[in-house]
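*Asks:* Mind folding the following:
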Amino acid sequence: MKELIVVVLLVYAVALGLSAPRTSDAEPADSVNLGIGGVIQTMPHCKATLFITEYEHMLTPKVAGLGRISEVDYKFDNNKYVEQGRPKGVDIGARWYSAGGMQGFYVGGTVGYWMADWTFTDNKGQANEVHGKGDSDSVRVNVDIGARLPIGSSSVSIMPALNLGRFFASTTCEYTAPASVIGASCNRKSEVTNYLFLSVMAGIGF
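*Replies:* Coordinates of the predicted model:
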């Protein structure tokens, strides 16, 4: 249901962003955006919640620069391999607003640095079940497509968006159980690499 609501908002946002009249004199030059996101069913076996904080500033009539701090709480479970982690990262980038000003339809892109500690269980429920932990340092590339939908004449906007991207990670990994392999290194890579998620933010312009 949450995914359907966000998709409907996105469709409405595109139509509004391309057709609604603009009042550029009243448009904010800066915005703080706070939001939440989640992966959609195109990512099987994975559940995740994303927390987002952004600062956005208009650089030209149609382009805004932005800085973002994010954190993801995720779990991957395909009944054989289970992985859980909470990556954190900082991204910088820009958004292009098709109608100009900080409102309506936009396309954005960011690049950032992310760190993650994660745990895993392999061969779940089998005699050869093993446990371990990993550390990842990543460069993340992200593209978001969405819109800013003003709430009446207030400075607050709703910002639904579709995000897709990839983590380019350097990873270290070691086993933590059973006792016979504790401390031994492993070559397991995190399941968090390519992703697709929906988000909704509240933008507060000033």
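
*Asks:* now N78: how far from T121?
*Replies:* As judged by C-beta to C-beta, to the nearest Å, N78 and T121 stand 11 Å apart. Glycine gets a C-beta too; all of them are placed from N, C-alpha and C.

*Asks:* who's more crowded, these two?
*Replies:* Taking neighbours as other C-beta atoms under 10 Å, N78 and T121 compare with T121 leading, 18 against 12.

*Asks:* who's L162 bridged to?
*Replies:* Beta bridges link L162 to I145, L198, judged by DSSP bridges.

*Asks:* Okay, it and S154: tell me how far apart.
*Replies:* Taking C-beta to C-beta, one finds L162 at 25 Å from S154.

*Asks:* would you list every one of the helices in the protein?
*Replies:* Secondary structure of the chain by DSSP state H: the helices cover 2-19.

*Asks:* Any regions of it where pLDDT drops low?
*Replies:* 1-26, 42 (pLDDT under 70).

*Asks:* go again using 50 as the cut-off
*Replies:* 1-25 (pLDDT under 50).

*Asks:* Roughly how far does the residue in the chain sticking out farthest from the centre sit from C46?
*Replies:* What lies farthest from the middle of the chain is S180; by C-alpha atoms, centre = their mean that is 38.1 Å. Distance from S180 to C46, counting by C-beta to C-beta: 30 Å.

*Asks:* try L164
*Replies:* L164 is 14 Å from C46, by C-beta to C-beta.

*Asks:* Looking at the two, which one has more neighbours?
*Replies:* C46 (19 against 14).

*Asks:* mind listing what the closest residue to S70 other than its chain neighbours touches?
*Replies:* Nearest residue to S70, sequence neighbours excluded (C-beta to C-beta, 6 or more residues apart in numbering): I52, at 5.1 Å. If a contact means C-beta atoms under 8 Å, 6 or more residues apart in numbering, then I52 has N33, L34, G35, I36, G37, R68, I69, S70, S199, M201 as its contacts.

*Asks:* quick check, nearest of those residues to V90?
*Replies:* I69 (5.7 Å; C-beta to C-beta).
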